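[1] sequence plus the predicted model coming up.
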Amino acid sequence: MTREDMLARLIAQASHEGGELITLRAIVEEASELGANRVLDRLGLGDASAQDDIDELRELLGAWRDAKASAWKAAVDWVVKGVLALLLVGIAVRLGVGELLS
């Protein structure tokens, strides 16, 4: 029996019995499960290899975040080194080190 059949039977049972709480809960559960499976199928994640695909995407996303953080760190490092180099050149010019080398 498919989920659609089960849901149809539960709805029919609820209409005949007046909708007892346990029947209504079963309807909600079956409808939720059916809806979730439809969404996964529409997203292409309804097959057996979907978990492997999700795991691989998570690894890729983690690697992307690590690379992005490393790139920012490297950029800040280069900026700090450049500012320090300019500061040293300014101090050298101020002290007249260029005239001493000539």
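    Thanks, I have the structure now.

[2] after the longest helix that the chain contains comes which helix or strand?
    Counting by DSSP state H, the longest helix found in the chain is helix 50-95. Counting by DSSP states H and E, the next helix or strand C-terminal to helix 50-95 is helix 97-101.

[3] report the rounded mean pLDDT for that following helix.
    Across helix 97-101, the average pLDDT comes to 73.

[4] now swap in stretch 78-86 and tell me
    On average, stretch 78-86 scores 97.

[5] how close does V93 sit to L86?
    V93 is 10 Å from L86, where distance means C-beta to C-beta, to the nearest Å. Just so you know, the C-beta spots here come from the backbone N, C-alpha and C atoms, and that holds for glycine as well.

[6] check M6 too.
    M6 sits 74 Å away from L86, going by C-beta to C-beta.

[7] which one's more surrounded, those two?
    M6 (17 against 10; other C-beta atoms under 10 Å).

[8] surely the more buried one meets I27?
    No - the criterion here is C-beta atoms under 8 Å, and M6 misses it with I27 at 9.5 Å.

[9] so, low pLDDT: which residues of the chain?
    Within the chain, the ranges that satisfy pLDDT under 70 run 17-19, 101-102.

[10] now with 90?
    Applying pLDDT under 90 to the chain flags the ranges 1-31, 43-51, 53, 92-102.

[11] so what's I11 up against?
    By C-beta atoms under 8 Å, 6 or more residues apart in numbering, the contact set of I11 is I27.

[12] what strand or helix carries it?
    Under the assignment here (DSSP H and E), I11 is part of helix 3-17.

[13] tell me what whichever helix or strand comes after that helix is packed against?
    Where DSSP H and E defines the elements, the next helix or strand beyond helix 3-17 is helix 21-42. Other elements packing on helix 21-42 under the criterion 3 or more C-beta pairs under 8 Å, 6 or more residues apart in numbering; DSSP states H and E are helix 3-17.
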